[in-house]
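**Student:** When you get a sec, could you give me coordinates for this:
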Amino acid sequence: MAPPAGPFMQPRNGLGTAALVTGIIGLVLAITIVLFWVGAILGVLGLVFGFIGMGRARRGEATNKGAALAGAITGGIAVVVAIAVLAFTVWFVNEAGEELDKAIKDASSSAPKDPTEEATDAGEEAPADSADSGDPAAFGDAWEYEDGVAVTVSAPKAYTPDQYAAGHEKGNKAYQFTITIENGSKEKLDISGAFPSLRDGKGSDTEMIFDGSNGTKPFEGTVLPGKKATAKYAFSVPVGAEKELQLEMSPEILEYDDAIWTGSAK
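**Tutor:** So this is what the prediction gives:
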C-alpha cells in the first residue's frame with residue numbers, strides 16, 4: 001500500500017505579482033515630472049520584489065517566475081527613467097534661470113539713452129535728437145534707446161473729427177500727432193501694442209479719438225531691423241488746457257521704458 005501523500009503547499013506568488021504591479025505603476029509615474037520620485041521608489045520595490053519572487057520560483061515555492069522577472073525588469077526601467085527625468089528637470093530649471101537673467105539684463109539695457117553719459121570730444125555737443133537725463137523731449141524730436149530704437153513724435157496739429165467720432169467731447173479741441181518708430185536694433189520690434197497717452201496742461205488724461213477719417217490709425221505688426229513705421233493718433237483736449245501737453249509711449253510694451261514729449265499745441 002502506497003504511503004499517504006503529504007499536504008499540498010500553496011504557491012507563494014504574492015511577491016512576484018507585487019513586483020509586476022509596482023514595476024508597471026513605477027514606470028508610468030517615472031515619466032511624469034511631478035511624480036517621478038514616486039516612480040523611482042516603486043521601481044526599487046519592483047526590483048526587490050522581483051528578485052525575491054524569482055528566488056522563490058527557483059526553489060519551487062512559487063509558480064509565477066515570469067511575473068517576477070517582468071516586475072524586476074519594469075522596476076529597473078522605472079528607476080532609470082526617473083533618474084533621466086530628474087536630470088532633465090535640473091537642466092530645464094538651470095536653463096530657465098539663465099533665460100530669466102538674460103531677459104532682466106536685456107530689459108535694463110533697453111532704458112532710454114542718456115546722452116550726457118556718453119563720452120564726447122572737446123566742444124562736441126550731445127545729439128539734438130536725444131533728451132537730457134531726466135528731461136522730456138520736445139515735440140518734433142526723437143527719443144533714442146540704447147539699442148538703436150528711436151521714436152519721433154511730431155508737433156500736434158489741429159484736427160477736425162467727423163460726426164461719428166468716438167472719444168471727442170463737444171467743445172473740446174482735437175489734435176493729431178504723427179509718430180514714427182525706427183528700428184535701429186538687431187532684433188525685430190513688436191509695435192502692435194505701442195499706444196501713446198496724452199495729458200493736457202492741467203495734468204488730466206485725454207481721450208483718444210476714433211472716427212471714420214482715421215484720425216487715429218494705430219501701429220500694427222512688427223518692424224524689422226533697419227526699417228521704420230508711422231502711425232497717427234488724435235486726442236480730445238479741453239479748451240485752455242492745450243498750452244502744455246505731455247505725451248508718453250513705449251515702442252514695445254514691457255520691453256522699453258516710456259519716453260516723454262512735451263510742448264504746446266499752436
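**Student:** What distance do you get for Ala241 to Lys202?
**Tutor:** Ala241 sits 5 Å away from Lys202, taking Cβ to Cβ, to the nearest Å as the criterion. C-beta coordinates here come from the backbone N, C-alpha and C atoms, glycine included.
**Student:** pLDDT below threshold where in the protein?
**Tutor:** Residues of the chain meeting the criterion pLDDT under 70: 1-9, 108-134.
**Student:** Which residue ranges of it form strands?
**Tutor:** Remark: strands assigned in the chain by DSSP state E are 137-138, 142-144, 149-153, 157-158, 173-183, 189-190, 197-199, 207-209, 222-223, 228-237, 245-249, 259-263.
**Student:** Was I right to think Ala259 contacts Glu248?
**Tutor:** Yes: when contacts are counted by Cβ atoms under 8 Å, Ala259 is listed as touching Glu248 (7.1 Å).
**Student:** Lys157 bridge partners, please.
**Tutor:** In this entry, Lys157 is beta-bridged to Gln176, by DSSP bridges.
**Student:** Which segments of this structure make up each domain?
**Tutor:** Residue ranges for each domain of the chain read 14-109, 134-263, as given by automatic domain parsing.
**Student:** higher neighbour count, Ala241 and Lys202?
**Tutor:** Shown here are Ala241 and Lys202; by other Cβ atoms under 10 Å, Ala241 has more neighbours (18 against 11).
**Student:** backbone phi and psi for the residue nearest to that one when sequence neighbours are not counted, please?
**Tutor:** Closest residue to Ala241 apart from its sequence neighbours, by Cβ to Cβ, 6 or more residues apart in numbering: Asp200 at 3.7 Å. Backbone torsions for Asp200, taken as degrees, to the nearest 10, come to phi -80, psi -180.
**Student:** Do I have it right that Asp200 meets Val237?
**Tutor:** Yes: applying Cβ under 8 Å as the test, Asp200 and Val237 come out as touching, 5.2 Å apart.
**Student:** joint contacts of these two?
**Tutor:** 206, 245 (Cβ atoms under 8 Å, 6 or more residues apart in numbering).
**Student:** Those two - which one has more neighbours?
**Tutor:** Val237 (25 against 22).
**Student:** Isn't the more buried one up against Gln176?
**Tutor:** No: if you go by Cβ under 8 Å, Val237 and Gln176 don't touch, sitting 11.0 Å apart.
**Student:** just the strands of the chain: most buried one?
**Tutor:** strand 149-153 (a mean of 23; mean count of other Cβ atoms under 10 Å).
**Student:** Tell me which strands that one pairs with, and in which orientation.
**Tutor:** Here, using DSSP bridges, strand 149-153 pairs with strand 142-144 (antiparallel), strand 173-183 (antiparallel).
**Student:** how many other residues sit next to Glu98?
**Tutor:** Neighbourhood size, Glu98 [other Cβ under 10 Å]: 10.
**Student:** do the same with Ala82
**Tutor:** There are 26 residues near Ala82, going by other Cβ under 10 Å.
**Student:** And for it, nearest residue in space, chain neighbours not counted?
**Tutor:** Ala40 is the one closest to Ala82 (Cβ to Cβ, 6+ apart), at 3.6 Å.
**Student:** And the helices in the stretch 51-200 of the chain?
**Tutor:** All helices of the stretch 51-200 of the chain, identified by DSSP state H, counting those that start in this stretch, fall at 65-109.
**Student:** ok, Gly55 - contacts?
**Tutor:** Contacts of Gly55 (Cβ under 8 Å, 6+ apart): none.
**Student:** One more: Thr222?
**Tutor:** 188-192 are the contacts of Thr222 under Cβ under 8 Å, 6+ apart.
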